[in-house]
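J.: got a structure for you, letters missing:
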């Protein structure tokens, strides 16, 4: 017999499935298939744990909403809230420079996925919602955040297969392995 050692803790839980409050540490603009993207990185996570937000336009109204929601949910770059001509529907005026996202907080839903090339599960960020906060121009209450989380969870659950793992990807994701931070 020999004297051996082992880690007392098995991990930080930092990559577990579910909701995590994150601080955006880096945000960079890019393009993919002629659409604007913003890549987000987060404090305390590997560079490989990132989330890409794609420009998405509402076909009826012609308004871009995914990147706009990112700025709204992060309360980033908000310059003011203006009234529309009818006075009934306020409009948020914001500066969409990616640098405005750095230092802001969001809630992120982590989900497991399966990579068919390696047959290994990994964790990625499915979507973002705001954290409870009150700013000069926007406020998100606990009820607001709970409602938005439920909407994301419902949408995600419709995209999950029968064994509880989200749909299979055939390419390598831009995310972190669930145990990437284990130091041994």
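T.: Cool, got the structure. The structure presented is a predicted model; accordingly, all values stated were derived computationally and were not measured. Numbering: from 1, shown residues only.
J.: Which stretches in the chain count as helices?
T.: 66-74, 142-157 (DSSP state H).
J.: and the angle for the longest one with helix 66-74?
T.: When axes from the mean of the first three to the mean of the last three CA atoms, to 10 degrees is applied, the directions of helix 142-157 and helix 66-74 differ by 140 degrees.
J.: Next, the buried residues of helix 142-157.
T.: 145, 148-149, 152-153 (16 or more other CB atoms under 10 Å). All C-beta atoms are positioned from the backbone trio N, CA, C, and that covers glycine.
J.: Show me what the spatially most central residue of the chain bridges to in the sheet.
T.: A centroid search over the chain (CA atoms, centre = their mean) returns residue 128, at 3.7 Å, as the residue closest to the centre. Residues in a beta bridge with residue 128, per DSSP bridges, are residue 108.
J.: Report how many residues lie close to the closest residue to residue 66 other than its chain neighbours.
T.: Distances taken as CB to CB, 6 or more residues apart in numbering put residue 56 closest to residue 66, at 3.9 Å, once the chain neighbours are dropped. When counting by other CB atoms under 10 Å, one arrives at 15 neighbours for residue 56.
J.: What does residue 56 show for phi and psi?
T.: phi -140, psi 130 (degrees, to the nearest 10).
J.: Double-check it against residue 64; I have them as touching.
T.: Yes - with contacts counted by CB atoms under 8 Å, residue 56 reaches residue 64, the gap being 6.7 Å.
J.: Under the pLDDT cut-off, which ranges of this protein? List them.
T.: 1, 4-12, 160-184 (pLDDT under 70).
J.: any idea how far residue 81 is from residue 136?
T.: Residue 136 is 9 Å from residue 81, where distance means CB to CB, to the nearest Å.
J.: Comparing the two, which shows the higher neighbour count?
T.: Counted by other CB under 10 Å, residue 136 and residue 81 do not tie: residue 81 has more neighbours, with 13 against 9.
J.: Settle this for me: that one is touching residue 90, isn't it.
T.: Yes - taking CB under 8 Å as the definition, residue 81 is a contact partner of residue 90 at 4.9 Å.
J.: Look up the residues forming beta bridges with the nearest residue to residue 63 once chain neighbours are set aside.
T.: Once flanking residues are discounted, residue 63 sits nearest to residue 57: 6.8 Å by CB to CB, 6+ apart. Counting by DSSP bridges, residue 57 forms beta bridges with residue 64.
J.: Show the contacting residues for residue 57.
T.: Contacts of residue 57 were listed using CB atoms under 8 Å, 6 or more residues apart in numbering, and they are 63-65.
J.: picking that back up, ok, the buried residues of helix 142-157 vs residue 73, which is closest?
T.: residue 148 (7.9 Å; CB to CB).
J.: What distance do you get for that closest one to residue 89?
T.: To residue 89, residue 148 is 19 Å away according to CB to CB.
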